Structures are given as C-alpha cells and as structure tokens.
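Peer 1: fold the stuff below for me.
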Amino acid sequence: MLFSIIGIIFLRVCFGELAVLNQTYHGHISNATETYVYNNQIIPKGTSIRVSLNSSDTTVSYPLFIIVRTQTNLNSFTLPLTMENRSFSRIENTICIMNYSFSHNVNFIVQLTTPPTFENSVTYSLRSSLENNTLTNSYFSNFTVMPNKPQTFIVSRMYQQTFVKIQSDDDYCAIALIQSETCSVSYDNFYNLNSRRQTFFKKAAFIVKDSDFNKNFDTVFVSILVFPTNKQCQSQSSMFQQMSHLYFATEKPPINKRISLTLTPQISVERYISAILATAGFFAIFYVIYFIWIAYRAKIRQSTDAVAGHVIDNNEPDAIPIVAPITFSADDYDLLSDANEEDLLFRMKGNVRVADLSRIPHAELSEKFNRFSKLLIVVAIFYGIPVVQLVLAYQMFYWQSGNEDICYENFWCQRPLWVFTSFNHIVSNMGYILLGFLFYLITYTKESEYNLQISTGQVRKCDGIPKHFGLFYSLGIAIMMEGLMSASYHVCPNWSNFQFDISFMIVIALLGMIRLYQSRHCDITLSAERAFLCLSILIFLSVSGVVFTQERMFWIVFTAIYLLTVIYVCCQIYYMGSCKIDRKLFQRIYFECRGFPSALFPHFPMRFFLLMRYSGEHVSLFCFLLLLSSIMFWLTAAYFFLSLQTNWMLSPAASRNLNADCFLLNFYDYHDIWHFLSAIALFLSFLVILILDDDLDHTPRTEIKVF
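Peer 2: Numbers count the residues shown, from 1 in each chain. This next block holds a predicted model:
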C-alpha cells in the first residue's frame, strides 16, 4: 500500500495529472505541456480506448499538438484538424491496445502541447473512454463516421476467410482499410499504413485472409475514414472526370456517414470445385452432342456405302452409279496475259454467278486461306505473352501496394484463388476455350467429310459454294484466344488493359465478315496479310478511342477515317473488287446510286438469309433453328452484358456502387454469365456460317447467284 502511494505521487510529480477512463477533463494551456497519466486502467476483453479532444481556441497558425503514448505505440494528432481547406475543432480516434483475448491493465499517457511562440491561453476538454469495437457477431450496423471521427473495428479470426461487406446510403466519399499493425487512422497517415484500402461511396468489400491477421493476437483492424469532399473518390484522370460526376459523386459538405458492416464466411473449397466442375460439365454437353453426331454420321455413311455396293454388284437398272472423281489441271484455266481483263468482264456482267468468281485453282485458294490460321497463331503468341506478363505485374502490384482501386472488380462477388483476386471472373472464360476448340474439331470433321465425298464422287468440285476451311480454323483459334485474353483482362480489369479484352473480339468480327464474303467471292477475298494489316489499324483505333475518348478532335478524325473506309469497302463490294480509286470514283457512285446502297447493308448472316430468300434459295430447317438459337443467346447475353456491375469509365469508388452479390452458384455474377452465353452464341453463329450453303452442294456454280 505504501509503495502504491509513493508510485502515484512519483507519477503525479514527474509526468502530470493522474487520470481515469470515462471522465472528461477541462483545462487551459499556454506555452506549456499538459500531461494526463492513465495508470493501471482495466481494459475489458474486446474493448479499445477512444480519445476525444475539443478546443475552439486553436487556429492553423497556433495549433494544439496531442501525443498519445502506449506500451507499444505512439500516436500524434493536431488540432484544429485541417482537411481539404476545412478545419475541425474536435477530433476523436481509437487507440490500439494490442491484446483483445482477455481483460488486462493498461498504462498510457496523453500529452497536450502548444507552440513556444503561442502566448494566449487555450481552453480544451479531453475525454478517454472505453469502446467496445470488436466484431463478434455476423452483423454489425448503425455507426457513424465523420472526417474528424474515423472508426476502427477489430475483427477476430472467426472463419478461415472472412468476407467483410461495407454499405452506406450516403453519397459521401470514404476510404476503408484492412490492417493488422495499428488501428489509429487519420487523414494524414492512411496512405503510409501497411494496409489494403478501397475508396467508396456506398459499397466496399474485402476478403480477409490468413495473411491479413496479426500473428500474435489473431486480429485484424477495419478502419473507415470519411473525406470532407468527394475529390478523393473521383477519377484522377481528366478523361473520366466529367462522367464520374454523373454517377453518385456529390460535393455536399458531409455531416456524418452512416455505415453498416456484414461479416460472413467465404465460400469453402468444395464450393469452388463444385462450381468449376458444374461449368465444365455444362460445356461438356456440347462435346457429347458432337460425338453422338459423329457416331450417327458414321453409321449413316456405312449404311449408304453398303446400299451403294449392293446396287453396283447386282447391276440393278435403277441404280445410280457413283460418279468418277473429276480432276482439274492448270490447262482448265486461262493463264494468258490478258486474264485480268477477262476477270473484269466476268465480274462486271449483269448476272454474276459463283463460277465467275471462283476461277482460281482450288488448291491455290486453299493455301491462301490457310495462311489466316498460321498468321493468327503467330500473332496470338507474340501478342499474348506480353499481355500475360503485364497483367501478372498488375496483380503483384495490387497485393504489394494494398491499393485495391487499381482493379475494377465486382468486390461483392470476389472469389480469390492463389494470387488471383477474382478467380471466378477468370475461370468463367473457359466457355470460349472449350467451344472454340470444339468448333475447330467440327471444322476438321467437316473438311474430312467433304474430302471423302469428293474422293468417292458424291460431290463434284465444280458444284456448290467453294469449300475452303482455312478461315473456319482461324475462327476456332480466335474464339479460344478471346477466352485467354478475356481471362487475362479480368486478372486486373481497368481502362489501360481493356484493349486485351477487345482485341480478339475485333479479330473474330473481321474474320467472320471475311468468311461470309468469301463464300461467294473466293477470287477477290482479302488476303491474310492485308486482313491482319486492317486488324492492326482497327486495334490501334480502338486503343486510341479508350485513351482519347474525351477529345473532340479525335472523334472528328476518327469519323472522317471511318466514313472514307466505309465508302471504299462498299465500292469494292459493289464493283466486285475491281474498283479504282481516282477522281471519277464519286462520279461512278453517283451514276449507279440506285444499286450502290445495297452494298451498304451489313455483311451478317441475316443479310445472307434475306438475300437468299430473295434469290429463291432456301436453307435447311436445322440451320434455321441454329440461327434462331444464336439470336436467342445473343439477346440474353446482351441483357447480362448491359447489366453493369463494374464500370472503368467511372472512378473506382463510383464503380463499386454497381457491385452486386453473386448470381449463379454463389460463384458467378452477371458478367460471368455474359461470358457463358456469348461463348455459346459465337459458337452457334459460326456453326450457322459453316453449314449455311450445304443445300447447294449439288447445284452447279453457274446457277448460284452472287450477292
């Protein structure tokens, strides 16, 4: 007892006034230091200390400095608190006590100091109180955050991975931090903390992993700080400043921000495996249908061969003999020096037929179109490797910096695995890869059947639409590469790497249009080298559009280039590849304007169906059903695509307002479903193109119209 009294007197004399928790102290200070000693304060389990200081006499020129010392930390604050040209005469903050598993005694000191040149007296009020800020239940809500009153909560290890959701109905800019070392956060030091952080207006979310917890106490701190203005939540790039103002961002002076937190366990590994296997199983159905179709075709072929052999052996009078294979040589073609002029005569006559535009030897054209797939593989390798390197560098920087604003994820449906923060958005691209490979197999099967029909005489080479499969192989490879590039983009989606996601979309669109045009214009179809040159220009314009989307001059130049390109392409279509660019070009267009507008009609399957119907041609019921199915999948996919749950055209904070919970299997969101449905729609669309002209296999090319 005697030693305790002596110790108290010693502390009072050497350090300052003894103080107790949950009591307010008023005082005056002038050119001096006031010290409050909190000795042997009992801190119950799961509580922290909340220090509050108020003084209306301080100014920016003559502030009041506050230092809080504990056994493990030193925290300093300044009054008035100045943020974004706004001053606050009152501050509150949470002081970390690094032991939350049981009640214990704590010693800490609060020192108040004025500048040496400050001679006036400062009136203040100080209060240190206990705060129960440990989140033990699955749901915690109804607390208020202000710019001068940040809030910190302690999350204990309840699950293997904890999903922390933060919600607010207010449009005030705030920042949420996950950290394990200190819980005192202020406007001046939050960027220097070793933490993970997100700016937000209404929504934010974190997945707290094992590595986030303090190793000694199995705790992690969730801190929330509100900014006095919305500047920190708006895009730092002037490119998107205007659009960010249209979404959620306001400049109202915040009074307080109501926050609610939800803690739930992250889904188990079994749910990961079941969701991935369910996805793979769904697309495996297409492979099962393919192999059933192969078996059925083989059985039909065997039956046909058996019947044909029986007919020939018995020499029946009604038997249809197998036509002998017809071969062609170079002598069958006009190779004179005036061949080009003769080609022009064929192309420019009144009723052009497919035979007029398929005069080049079949083998030569096949080699020409096979170069598409070869060049595409080279482009994919040299384009894909740097893409993978860059997005992995983005992901590593994401983890090392703790700045989660650099990636535009749907944080409310985030399923991390290994180094990937949103593995679900990556694995959902497997549909492109699986169906692209399946389309490649179907193309190979189709080519093999056609070659077999040619060798057995069932189909003549001079009948039907010329069969060249090089572009179909290229389409299969392009679909697979779209899956890989889309997966790479979703490692860390943002505006700077959006080009990775759309590059092979452009490739697929251009190859599809070339293939549609090639079916009846074999001799004048674009070569692979020129096609990829056009692709490079299109991708360059696409990237420029992302970078200079707010520049008026860019859109003027782009519109001029686009219109001139459309006019040139339409001229080539209308004049069957024989258009000359000279001073009389527009004069020729003017005199033939009655037919020229038809060339402006887009080259899509629907155009071919309409023109085929107009020309008296028909398509099979199976092809028509495939077309309807593809349209249905495209429309459904468009709905999910337009239901945005992220948007890199906005600031990261505004984009998070669009975040939503997982929609399918508690693993996939709307954009993942877009991946599934668009992959199926692409697959069905190209199947339509593959079998579109099969009904013409026995029609002489001299009777097939060109359109």
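Peer 1: and V387, how many neighbours does it have?
Peer 2: By other C-beta atoms under 10 Å, 18 other residues sit near V387. The way it works is simple: take the backbone N, C-alpha and C, and place the C-beta from them, glycine included.
Peer 1: low-scoring stretches of the stretch 1-150 of the chain, by residue?
Peer 2: Residues of the stretch 1-150 of the chain meeting the criterion pLDDT under 70: 1-17, 46, 97-104, 118-119, 136-141.
Peer 1: where along it do the helices fall?
Peer 2: 2-14 (DSSP state H, counting those that start in this stretch).
Peer 1: now the stretch 151-300 of the chain
Peer 2: Assigned by DSSP H, counting those that start in this stretch, the stretch 151-300 of the chain shows helices spanning 241-246, 269-314.
Peer 1: then the stretch 401-550 of the chain?
Peer 2: Under the criterion DSSP H, counting those that start in this stretch, helices of the stretch 401-550 of the chain are mapped to 423-427, 430-456, 470-489, 498-518, 528-547.
Peer 1: reformat these into CSV and put mean pLDDT and mean neighbour count next to each item.
Peer 2: Output for these, formatted as CSV (pLDDT from 0 to 100; neighbours: other C-beta atoms under 10 Å):
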stretch, mean pLDDT, mean neighbour count
helix 423-427, 93, 24
helix 430-456, 91, 18
helix 470-489, 93, 24
helix 498-518, 85, 21
helix 528-547, 76, 15
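Peer 1: between these, which one is closest to L357.
Peer 2: helix 498-518 (10.0 Å; C-beta to C-beta).
Peer 1: quick one: work out the angle between that closest one and helix 470-489.
Peer 2: 170 degrees (axes from the mean of the first three to the mean of the last three C-alpha atoms, to 10 degrees).
Peer 1: by contact count, what packs against helix 498-518?
Peer 2: Counting contacts by 3 or more C-beta pairs under 8 Å, 6 or more residues apart in numbering; DSSP states H and E, helix 498-518 is packed against helix 362-401, helix 470-489, helix 528-547, helix 670-691.
Peer 1: possible to save those as TSV with distance to V68?
Peer 2: As requested, the helices and strands packed on helix 498-518 are arranged in TSV below (distance: least, C-beta to C-beta, whole Å):
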stretch	distance to V68
helix 362-401	28
helix 470-489	46
helix 528-547	48
helix 670-691	46
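Peer 1: closest to F423 out of those?
Peer 2: Evaluated over the helices and strands packed on helix 498-518, closeness to F423 peaks at helix 470-489, with 9.9 Å, by C-beta to C-beta.
Peer 1: show me which positions of stretch 625-644 end up buried.
Peer 2: By 16 or more other C-beta atoms under 10 Å, the buried positions in stretch 625-644 come out as L626, L627, S629, S630, I631, F633, W634, T636, A637, F640, F641.
Peer 1: correction: stretch 646-662
Peer 2: Of all the residues in stretch 646-662, those buried under the rule 16+ other C-beta under 10 Å are 646-659, 662.
Peer 1: now that stretch: mean pLDDT?
Peer 2: Averaging pLDDT along stretch 646-662 yields 91.
Peer 1: first-to-last residue distance for that stretch?
Peer 2: 13 Å (C-alpha to C-alpha, to the nearest Å).
Peer 1: what comes into contact with it?
Peer 2: 173, 198-205, 233-235, 240, 243-244, 247-249, 404-406, 408-413, 415, 424, 493-495, 498, 644-645, 668-671 (C-beta atoms under 8 Å, 6 or more residues apart in numbering).
Peer 1: which of those count as buried?
Peer 2: If you count burial by 16+ other C-beta under 10 Å, the buried members of the contacts of stretch 646-662 come out as 173, 198-205, 233-235, 240, 243-244, 247-249, 404-405, 408-413, 415, 424, 493-495, 498, 645, 668-671.
Peer 1: of the helices and strands packed on helix 498-518, which is nearest R258?
Peer 2: Closest among those, using C-beta to C-beta: helix 670-691, at 27.6 Å.
Peer 1: just want the angle from the closest one to helix 269-314.
Peer 2: Calculated by the same axes, to 10 degrees, helix 670-691 forms an angle of 10 degrees with helix 269-314.
Peer 1: picking that back up, let's have the buried residues of stretch 625-644 in a markdown table, adding pLDDT.
Peer 2: As requested, those are exported to a markdown table (pLDDT from 0 to 100):
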| residue | pLDDT |
| --- | --- |
| L626 | 91 |
| L627 | 90 |
| S629 | 94 |
| S630 | 93 |
| I631 | 93 |
| F633 | 95 |
| W634 | 94 |
| T636 | 95 |
| A637 | 94 |
| F640 | 95 |
| F641 | 93 |
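Peer 1: looking at the helices of the stretch 401-550 of the chain, which is closest to A380?
Peer 2: Nearest of the helices of the stretch 401-550 of the chain to A380, taken as C-beta to C-beta: helix 470-489 at 4.9 Å.
Peer 1: buried ones in stretch 71-86, by neighbour count?
Peer 2: N73, N75, F77, L79, P80, L81, M83.
Peer 1: quick check: the nearest residue to the fourth one once chain neighbours are set aside vs N31, distance?
Peer 2: The spatial neighbour of L79 that comes closest, neighbours along the chain excluded (C-beta to C-beta, 6 or more residues apart in numbering), is L64 at 4.4 Å. Separation of L64 from N31 (C-beta to C-beta, to the nearest Å): 12 Å.
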